[in-house]
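J.: need a structure here:
(one chain, ligands or ions: 2)
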Amino acid sequence: MNKFRFLTSGESHGKGLIGILEGIPSGLSLSSEDIDKELKRRQMGYGRGGRMKIESDHAEIISGIRWGKTIGSPISLIIENKDWKNWQQGMSSESNYEGSIPPVTRPRPGHADLAGALKYGHRDIRNILERSSARETAMRVAIGAIAKKFLSEFGINIGSYVIQIGNLKISDPRSQISDFREIFKKTEASPVRCPDEDASKKMMELIDTAANNGDTLGGVFEVIATGIPLGLGSHIQWDKRLDGRLAQALMGIQAIKGVEIGKGFEMAERTGSEVMDEIFYNGSRFYRETNHAGGIEGGITNGMPVVIRAAMKPIPTLRKPLQSVDIITKKPFEAAYERSDTCAVPAAAVIGEAMTAIVIADAFLEKFGGDSMEETKRNFDAYAEYLKSF
Ligand SMILES: Cc1cc2nc3c(=O)[nH]c(=O)nc-3n(C[C@H](O)[C@H](O)[C@H](O)COP(=O)(O)O)c2cc1C
Ligand SMILES: C=C(O[C@@H]1CC(C(=O)O)=C[C@@H](OP(=O)(O)O)[C@H]1O)C(=O)O
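T.: Numbers count the residues shown, from 1 in each chain. Ligands and ions are numbered 1, 2, ... in the order given. The predicted structure follows:
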């Protein structure tokens with residue numbers, strides 16, 4: 001990733017999150033409302049725990065935007081952690097507060113706790129869990145919102161929906177409703193971000209049952225990017241392939257354990273004649289009648305919508321005790337529980353959209369990037385003309 005670069009910093013219960021991004025051309029209209037509406041979508045979703053009642057995320061724009069437009073310099077953002085007020089001493093950078101809260105010495109299975117403490121030489125696991133927390137994804141969604149706004153200027157839109165919670169799967173919504181806008185509208189109306197109304201209710205019941213049993217759930221979501229021009233990514237080197245770049249970006253979300261493009265794993269059990277998308281020509285352009293490939297062949301977009309699925313494991317912190325060993329006493333204990341999400345697949349889907357937008361914006365800038373929006377549009381329009389005349 002190089003045309004669109006970003007870094008985040010910030011601990012879950014620290015003062016806040018910081019993000020710096022570079023690569024957005026000058027002249028893109030952008031406001032903090034554009035970003036906050038995506039932050040709000042990430043915070044909603046049935047199954048979240050007590051922390052989401054404390055936070056109400058807002059991105060403050062620190063640099064890179066003047067009078068509502070990008071100026072071409074790096075954009076930096078801050079999102080405050082409202083929970084910080086409860087942690088001012090425990091998370092202070094000042095040495096005189098050392099020891100003001102007891103160290104965390106009990107590693108939670110399924111978290112970075114044990115491996116992180118051993119690797120970084122910490123006897124207080126808080127030094128690991130604060131950064132491994134998915135709180136950091138709020139900033140990724142803020143940065144993704146900027147990527148989305150940029151892409152929307154070129155007719156590219158990115159949405160998502162949940163297709164599975166625990167073992168409850170819905171059949172592919174794209175096989176029933178052909179208009180993506182309709183699928184996304186139904187999704188936004190569902191507390192679990194699932195376009196199937198009946199399944200949404202059953203998914204909420206499953207989440208309630210898991211919570212009552214002190215247990216947690218994972219699931220699967222799908223991200224769709226429409227309006228994608230043919231020719232993003234490349235076959236010429238492993239790290240330029242767009243499918244590989246998307247897989248890394250999605251897998252880089254906390255608790256995501258599987259990613260597939262198009263029919264993905266299902267392709268492995270079918271014959272070639274069942275899953276290749278045949279090519280047709282209608283007198284003015286090449287087209288496909290199917291999209292099993294999920295819009296990418298040979299690492300290059302082929303003009304069809306890009307379709308990505310990601311599988312999320314169940315939330316690792318459970319009210320039901322799990323066996324672990326204290327890193328100081330070396331004695332077994334049953335993990336204590338304070339608060340946690342029961343299921344965060346709906347939120348992960350919104351984060352998946354953001355990561356997809358970031359990767360696609362990067363590939364888009366590689367192909368069409370100018371220093372200003374005007375120049376980028378000129379490059380894009382010239383390419384569209386070239387494709388028409390091919
Ligand atoms: C939106 C979101 C919310 C999450 N909330 C929690 C939570 O409340 N409690 C928890 O134990 N894990 C939660 N997780 C998962 C952990 O962050 C993740 O499992 C952990 O950092 C270990 O990383 P890994 O699962 O990728 O190995 C959440 C993940 C996401 C994406
Ligand atoms: C704070 C967020 O998610 C958190 C991710 C998380 C984890 O372990 O990943 C644990 C929980 O935090 P806490 O331990 O403070 O209750 C979640 O609420 C967020 O999404 O903004």
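J.: could you pull up the contacting residues of the residue of the stretch 1-150 of the chain found nearest ligand 1?
T.: Going by C-beta to the nearest ligand atom, ligand 1 is nearest to Ala134 of the stretch 1-150 of the chain, at 3.3 Å. Where C-beta positions appear, they are placed from N, C-alpha and C, glycine not excepted. Contacts for Ala134 (C-beta atoms under 8 Å, 6 or more residues apart in numbering) come out as 253-255, 344, 351.
J.: what's the answer for Met44, then?
T.: 191, 346-347.
J.: list buried residues within those.
T.: For the contacts of Met44, a burial check counting by 16 or more other C-beta atoms under 10 Å picks out 346-347.
J.: nearest to ligand 2, of the contacts of Met44?
T.: Once C-beta to the nearest ligand atom is applied, the member of the contacts of Met44 that ends up nearest ligand 2 is Ala347, at 6.2 Å.
J.: show me which residues of the stretch 1-150 of the chain sit near ligand 2.
T.: Contact residues, the stretch 1-150 of the chain versus ligand 2 (C-beta under 6 Å from any ligand atom): 12, 49, 51, 55, 133-135, 138.
J.: same for ligand 2: which of the contacts of Ala134 are within range?
T.: Near ligand 2, by the rule C-beta under 6 Å from any ligand atom, you find Gln254 out of the contacts of Ala134.
J.: may I have the phi/psi pair for the residue located most distally from the centre of the chain?
T.: Farthest-out residue of the chain from its mean C-alpha position, per C-alpha atoms, centre = their mean: Gly283, at 39.1 Å. Per-residue torsions, Gly283: phi 100, psi -30 (degrees, to the nearest 10).
J.: can you check Val259 too?
T.: According to degrees, to the nearest 10, Val259 has phi -140, psi 140.
J.: ok, Arg285 to ligand 2 distance?
T.: Distance, Arg285 to ligand 2, by C-beta to the nearest ligand atom, to the nearest Å: 43 Å.
J.: next one: Gly352
T.: 14 Å.
J.: now the helix or strand containing that residue: mean pLDDT?
T.: Assigning secondary structure by DSSP states H and E places Gly352 in helix 345-368. Mean pLDDT, helix 345-368: 98.
J.: for that helix, C-alpha coordinates in PDB please.
T.: Output in PDB follows, covering the C-alpha atoms of helix 345-368 (Å, rounded to 0.1, in the frame of the first residue of the first chain):
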ATOM      1  CA  VAL A 345     -20.400  -9.100  13.500                       C
ATOM      2  CA  PRO A 346     -22.700  -6.100  12.500                       C
ATOM      3  CA  ALA A 347     -19.900  -3.700  13.600                       C
ATOM      4  CA  ALA A 348     -17.200  -5.800  11.900                       C
ATOM      5  CA  ALA A 349     -19.200  -5.500   8.600                       C
ATOM      6  CA  VAL A 350     -18.900  -1.700   8.700                       C
ATOM      7  CA  ILE A 351     -15.200  -2.000   9.500                       C
ATOM      8  CA  GLY A 352     -14.900  -4.400   6.500                       C
ATOM      9  CA  GLU A 353     -16.400  -1.700   4.300                       C
ATOM     10  CA  ALA A 354     -13.800   0.800   5.500                       C
ATOM     11  CA  MET A 355     -10.900  -1.600   4.900                       C
ATOM     12  CA  THR A 356     -12.300  -2.400   1.400                       C
ATOM     13  CA  ALA A 357     -12.600   1.300   0.600                       C
ATOM     14  CA  ILE A 358      -9.000   1.900   1.700                       C
ATOM     15  CA  VAL A 359      -7.600  -0.800  -0.500                       C
ATOM     16  CA  ILE A 360      -9.700   0.100  -3.500                       C
ATOM     17  CA  ALA A 361      -8.900   3.800  -3.100                       C
ATOM     18  CA  ASP A 362      -5.200   2.900  -3.000                       C
ATOM     19  CA  ALA A 363      -5.500   0.800  -6.200                       C
ATOM     20  CA  PHE A 364      -7.600   3.500  -7.800                       C
ATOM     21  CA  LEU A 365      -5.000   6.200  -7.000                       C
ATOM     22  CA  GLU A 366      -2.300   3.900  -8.400                       C
ATOM     23  CA  LYS A 367      -4.100   3.800 -11.800                       C
ATOM     24  CA  PHE A 368      -5.700   7.200 -12.000                       C
END
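J.: so what secondary structure elements neighbour it?
T.: In terms of contact count using 3 or more C-beta pairs under 8 Å, 6 or more residues apart in numbering; DSSP states H and E, helix 345-368 is assigned the packing partners helix 32-43, helix 137-152, strand 157-165, strand 219-226, helix 242-251, strand 306-312, helix 373-389.
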